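Peer 1: Give me coordinates for this.
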Amino acid sequence: MEISTEKVCFTIIKAREFDVKDAVTDPDPGSNASDDGMYSVLESHRDDPVEEELTSFISSLSVDEQIDLVTLAWLGREDYDRSDWDDLRSQATHAHNERTAQYLLGMPMLADHLEEGLAQMGHSCEEFEFNRL
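Peer 2: Next comes the predicted model:
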């Protein structure tokens, strides 16, 4: 893999934060988050900082790292196993374009798929502390 396990794990953490977002229930929330009971931080707004951070992070990865991230997500869908890595990576290379971040963020259960793909490759996120990133 061209992408480090640490970068994949960071993506998993941020994808989990992104996945917990809910539909906007109050389009005109109070002037600050405490006025609306802090509900707005759990809603998916157009200018969501978690989405922006994750999109920016994925877009800043090299092409090879982006391809590996897509390959890991496909591998983790449980339709494949580690022996399919080369074929999946070849498909991801062929499909690669400038919308990798949007593609991945639109994938249901992205964090779970990445975590499973990483496990199939013999890696885990347990060893990383992300408060330093």
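Peer 1: and the longest helix for this protein?
Peer 2: helix 5-19 (DSSP state H).
Peer 1: Can you name every helix or strand that it contacts?
Peer 2: helix 49-60, helix 63-75, helix 100-105, helix 110-120 (3 or more Cβ pairs under 8 Å, 6 or more residues apart in numbering; DSSP states H and E). Glycine gets a C-beta too; all of them are placed from N, C-alpha and C.
Peer 1: Nearest to Val8, out of the ones you listed?
Peer 2: For the helices and strands packed on helix 5-19, proximity to Val8 was assessed by Cβ to Cβ; helix 110-120 is nearest, at 5.5 Å.
Peer 1: Kindly calculate the angle that the closest one makes with helix 49-60.
Peer 2: 40 degrees (axes from the mean of the first three to the mean of the last three Cα atoms, to 10 degrees).
Peer 1: Check what contacts helix 110-120 and list those residues.
Peer 2: Residues outside helix 110-120 that contact it (Cβ atoms under 8 Å, 6 or more residues apart in numbering): 5, 8-9, 11-13, 15-16, 18-19, 69, 71-78, 81-82, 104, 107, 124-125.
Peer 1: Reduced to three states, what does the closest residue in space to Asp64 that isn't next to it in sequence come out as?
Peer 2: Excluding its sequence neighbours, the residue lying closest to Asp64 (Cβ to Cβ, 6 or more residues apart in numbering) is Glu2, at 3.8 Å. Assigned by DSSP: H, G, I helix; E, B strand; the rest coil, the conformation of Glu2 is coil.
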